[in-house]
Structures are given as structure tokens and as C-alpha cells.
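Enquirer: Coordinates only, no sequence provided:
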Ligand SMILES: Cc1cc2nc3c(=O)[nH]c(=O)nc-3n(C[C@H](O)[C@H](O)[C@H](O)COP(=O)(O)OP(=O)(O)OC[C@H]3O[C@@H](n4cnc5c(N)ncnc54)[C@H](O)[C@@H]3O)c2cc1C
């Protein structure tokens, strides 16, 4: 119990709080301003933090279109800094099995490739210009809901009262845990080593997204090579039983980068990390009082393979959930408001399930476990020179099937 005379006993009252200033929280804040809602973003880390790695590099055209709807012009600086590739290439055991060049198109026509930290700089700058209020370095430690709203406890002990909360506090979401919401799903068997490297002007690679099945220079392991604004990203899939440390630390790390990309690239390492990827979705996207909505990695975890569904589903979560919160605030009737929130929570959770299943299918394909999977891939590689669809299948399968739901729920 708080002492009635302490400052914490008199909570500040706000219509909307966004928890977390990652890309999903920033998009949610922009969406709130689009609906003329005052919004406070509560962030655990300090304002001058350094964000790691390229992470969610690929932003689909559909996501860019959504961003334009809530913040016209915001995609221009994103597109300017990004790279768009027109070539797709797949190899199997060192032999090309698929190649496709798309006709020249306007930058961003099919999406953009840009480091997540550079995306966040653009989004944060726009948030500031739209009058979003930030509380840096004062994370949420606890939260409780009732039929009228939400009480948030921050790290400095202060209390905030909000009509609605959008939780964008990432994979380890404190909000999700405070509400007792669990995650359902699985995890990749393999470990993946992800490395960002700089361009090498003396030894440039062509702007191609390349997927290597069973790369012979890396002991038959799969490698994905993706260009993004300012560099290249390599994702190496380790085999079960591998000594992951040998590939993720020197000299092994530089050796496989050089084997894949050629001289110079290993010298320009900017970030590397080792992951096993989850594909899981929150059991509920709202609380029992329909006052909190989960978005982004607070709500779902997908591997970057399987179609870049992480941030590309976080953006519609944020935009459609804020739209629902604006409608609920305007409804002026508790039961009606709860109905609106429950409806969007169900819609985004269903999208999450579709994305989870597609990402899981992509992981099964990538990991190539089991005789049937391996045989299918080998046979497709064998017939690819004579049958284009087999090569296209090898190229597309690591993206996972397109989720069989409407475009609004698709990502
Ligand atoms: C190696 C890797 C590669 C990836 N590749 C892709 C890709 O190719 N395509 C793709 O779409 N996605 C990819 N992702 C996923 C992508 O990074 C996430 O989808 C994205 O970061 C989710 O954004 P978010 O805002 O939900 O969470 P985060 O970026 O994690 O942001 C959460 C924010 O909340 C803050 N926070 C945490 N706890 C609290 C608290 N208690 N109170 C206040 N603030 C708090 C954090 O400090 C952080 O700022 C990748 C992820 C990884 C790790």
C-alpha cells in the first residue's frame, strides 16, 4: 500500500500510454498522433542508448503503405537510406538453381532493406515532430487493469493512470507477464549466427539476395546473404551438434564470412549475434478488462526467415490496435469499448497464429530435418535446370507459405 502522502499515491491520468520505444512503440505513437490522441511513451532505456544490429531489415511495401497512411512522407527518408535489390539467387551445394531479376523499379517499389536502428532514428525524429512525449530511462515495473483503465508503476516508483495501454515492450514484455499471458509455440533446433558487415568498395558484391543451400565452402551449411542500406547481412545456420562457438568467434567467424563473400568483408564486421529462433504467439492479446493491447514482439516472436514477419506484423499490430483504441475512447460506453478492443485483439492474434504457422513451416524447410525434407530439396535442385518451378520453390520455401488470411491481417 502506498502512503497517502507520497507522490506515488496520486497517479497522473493519461488517455494512452505506449510501453516501449522500439519500432513498434514508435509506430504506435505516430498512429496515436494521426488520430489526434495525446500519447506518452514509457521506455526503460536512456535516450542516448545504442541499438544493436540490423535486425528487422526488410520492410514490405504493404508495411510502407501503412506507415504512409499514419505519417505521410515518413517513408521517404527510409527509402532514401535503404537498398532495394532486384535480383534473387539460390544455390544448392555451390550450383545455381534459381536466378530472377525483376524489371527496374522505383526504389521501395517492392519494399526496402534498411537496418532497424536506422529505421528507428527516422521514426523517433517524426515522433518528436508530432509532439509525442517520451519518458526515457523509467521503465514499467508493474501494471494492473480494472474496468475503467490501467495503473502503471514505473521504475522510479511513480504511478501513472491511463485509459488504455499499448504494450510494445518486446520479447520479454513486463506487461505481458504482469497480465499473466503466456506464449504458445516452439523454437528452432538450429542455432543461427547473424553478422552485419560493411560494403567493400574494392570488392563489391552484386545487389542480390542470395540463399545458399549446403554451401560447400562452409561445410554444407545454409547461408543467407542480404544487402541492406550501408552493408550486408549474413545468416549462417549451424548444424545440430556443431560447436557454435567455433563459427561465432574468431578465427572461425572471419573464415566463413570470407568463404562466402570474398576478401575484405570479414574486416568490416559491425555486429554479430547467435540465436535460436522462437515461433510463438501470446495466448491473448488483451487483458480481462480490455484495457491493454499487446503488439510486436510483446505479442509474437517469429524468426527472420519465413518472410520477415517480425516487424512486418508489428507495424499493422500497432496501427490497427491504436485505431481500435481511438474508436474505444470515442465510443463513450464501457461495454461497446470493450467489444472494439476484443475484436482487434482477436484479429491480430489470428494474424499472429497464421504468421507463426508460416514461419514454423519455413523453419522446417530451412533446417531440412528428416529424410523426406532433405530428399525433396535434393530432387528439386536436381531438376531445377530443366524445370523452373523446382528452382522457384527452392527460392521461395525459406519464406514460408503466404498466410491464408486477408491483407489486413496478413502480416
Ligand atoms: C537477429 C534478429 C534478426 C531479425 N530480423 C528480422 C527481419 O529480418 N525482419 C523482421 O521483420 N524482423 C526481424 N527481427 C525481429 C525484429 O527485430 C522485431 O520484430 C522488432 O525489434 C520488434 O520490435 P518491438 O518494438 O516489438 O520490440 P523491441 O525492438 O524489442 O523494442 C522493445 C522496447 O521496449 C523497451 N522495454 C522493454 N521492457 C520495458 C519496460 N519494462 N518498460 C519500458 N520499456 C521497456 C525496450 O528497451 C525496447 O526499446 C529480427 C530480430 C532479431 C533478434
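Expert: Looks like it came in fine. All values reported here derive from a predicted model rather than from experimental measurement. Numbers count the residues shown, from 1 in each chain.

Enquirer: by contact count, what packs against the strand or helix carrying residue 163?
Expert: If you go by DSSP states H and E, residue 163 is part of strand 159-167. Here strand 159-167 touches strand 12-19, strand 149-154, helix 174-178, strand 292-294, helix 309-331, going by 3 or more C-beta pairs under 8 Å, 6 or more residues apart in numbering; DSSP states H and E. Bear in mind the C-beta positions are built from the backbone N, C-alpha and C, glycine included.

Enquirer: Out of these, which one sits most buried?
Expert: When these are scored by mean count of other C-beta atoms under 10 Å, the highest mean neighbour count falls to strand 292-294 (a mean of 30).

Enquirer: so for that strand, what's the average pLDDT?
Expert: What strand 292-294 shows for mean pLDDT is 98.

Enquirer: Which parts of the stretch 51-200 of the chain are helices?
Expert: 61-70, 75-81, 116-129, 174-178 (DSSP state H, counting those that start in this stretch).

Enquirer: between the longest helix along the chain and strand 159-167, what angle do the directions make?
Expert: In the chain, taking DSSP state H as the definition, the longest helix is helix 334-367. Following axes from the mean of the first three to the mean of the last three C-alpha atoms, to 10 degrees, one obtains 50 degrees for the angle between helix 334-367 and strand 159-167.

Enquirer: hang on, the earlier thing: nearest to the ligand, of the helices of the stretch 51-200 of the chain?
Expert: Smallest distance to the ligand across the helices of the stretch 51-200 of the chain (C-beta to the nearest ligand atom): 3.7 Å, for helix 174-178.

Enquirer: Just checking the closest one against the ligand, any contact.
Expert: Yes. Against the ligand, helix 174-178 shows contacts by C-beta under 6 Å from any ligand atom at residue 174.

Enquirer: Please apply the same query to stretch 281-289.
Expert: No. Stretch 281-289 does not reach the ligand (C-beta under 6 Å from any ligand atom); its nearest approach is 11.9 Å.

Enquirer: roughly how far is that stretch from the heart of the chain?
Expert: The chain centre lies 19 Å from the centre of stretch 281-289; the measure is C-alpha atoms, centre = their mean, to the nearest Å.

Enquirer: One more: stretch 208-223?
Expert: With C-alpha atoms, centre = their mean, you get 24 Å for stretch 208-223.

Enquirer: What are the contacting residues of that stretch?
Expert: 85, 87-94, 224-227, 234-239, 256, 259-260, 366, 368, 377, 381, 394-395, 398 (C-beta atoms under 8 Å, 6 or more residues apart in numbering).

Enquirer: How about stretch 66-78?
Expert: 27, 30-31, 33-34, 59, 64, 108, 112, 114, 119, 122-123, 126, 130, 315-316, 319.

Enquirer: Look at that stretch and report the distance between its end residues.
Expert: Start-to-end span of stretch 66-78 (C-alpha to C-alpha, to the nearest Å) is 14 Å.

Enquirer: So this protein: which segments form each domain?
Expert: 7-83+108-187+279-365, 192-275 (automatic domain parsing).

Enquirer: ranking these by burial, who's on top?
Expert: Counting by mean count of other C-beta under 10 Å, domain 7-83+108-187+279-365 has the highest mean neighbour count of the domains of the chain, with a mean of 20.

Enquirer: To residue 99, which of the domains of the chain lies closest?
Expert: Ranking these by proximity to residue 99 (C-beta to C-beta) places domain 192-275 first, at 8.5 Å.

Enquirer: sorry, back to before: next, format the domains of the chain as JSON lines and append distance to residue 389.
Expert: Listed next are the domains of the chain as JSON lines, based on distance: least, C-beta to C-beta, whole Å:
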{"stretch": "domain 7-83+108-187+279-365", "distance to residue 389": "16"}
{"stretch": "domain 192-275", "distance to residue 389": "17"}
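
Enquirer: What parts of this protein come near the ligand?
Expert: Counting by C-beta under 6 Å from any ligand atom, the chain comes close to the ligand at 19-25, 42-45, 55-58, 116, 139-140, 168-171, 174, 194, 273, 275, 296-297, 304, 308, 310-312, 314.

Enquirer: And stretch 82-91, what's buried?
Expert: Applying a neighbour-count criterion of 16 or more other C-beta atoms under 10 Å, one finds 82, 83, 84, 85, 86, 88, 89, 90, 91 buried in stretch 82-91.

Enquirer: Ok, stretch 370-386 next?
Expert: Of the residues in stretch 370-386, 376, 377, 380, 381, 384 count as buried by neighbour count, 16+ other C-beta under 10 Å.

Enquirer: Just the ones of those in helices?
Expert: 376, 377, 380, 381.

Enquirer: which one of those residues is nearest the ligand?
Expert: Nearest to the ligand among those, counting by C-beta to the nearest ligand atom, is residue 377 at 22.3 Å.

Enquirer: so the closest one touches residue 366, yeah?
Expert: No. With contact defined as C-beta atoms under 8 Å, residue 377 does not reach residue 366; the gap is 10.0 Å.

Enquirer: Under the pLDDT cut-off, which ranges of the stretch 51-200 of the chain? List them.
Expert: Applying pLDDT under 70 to the stretch 51-200 of the chain flags no residue at all.

Enquirer: same thing but at 80, please
Expert: Applying pLDDT under 80 to the stretch 51-200 of the chain flags the ranges 187-189.

Enquirer: I'd assumed residue 40 was in contact with residue 32.
Expert: No. Counting by C-beta under 8 Å, residue 40 is not a contact partner of residue 32; they are 9.6 Å apart.

Enquirer: Mutual contacts of the two, please.
Expert: Common contact partners of residue 32 and residue 40 (C-beta under 8 Å, 6+ apart): 16, 18, 132.

Enquirer: that older thread, adding pLDDT, write the ones in helices among the buried residues of stretch 370-386 out as a markdown table.
Expert: Converted to a markdown table, these look like this (pLDDT from 0 to 100):
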| residue | pLDDT |
| --- | --- |
| 376 | 92 |
| 377 | 93 |
| 380 | 95 |
| 381 | 95 |
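
Enquirer: Can you pick out the most distant pair from these?
Expert: The farthest-apart pair in those, when distances are taken by C-beta to C-beta, is 376 and 381, at 9.8 Å.

Enquirer: Now flag whichever of the buried residues of stretch 82-91 is closest to residue 201.
Expert: Ranked by distance to residue 201 (C-beta to C-beta), the buried residues of stretch 82-91 are led by residue 83 at 14.8 Å.

Enquirer: Roughly how far does that closest one sit from residue 253?
Expert: Distance from residue 83 to residue 253, counting by C-beta to C-beta, to the nearest Å: 23 Å.
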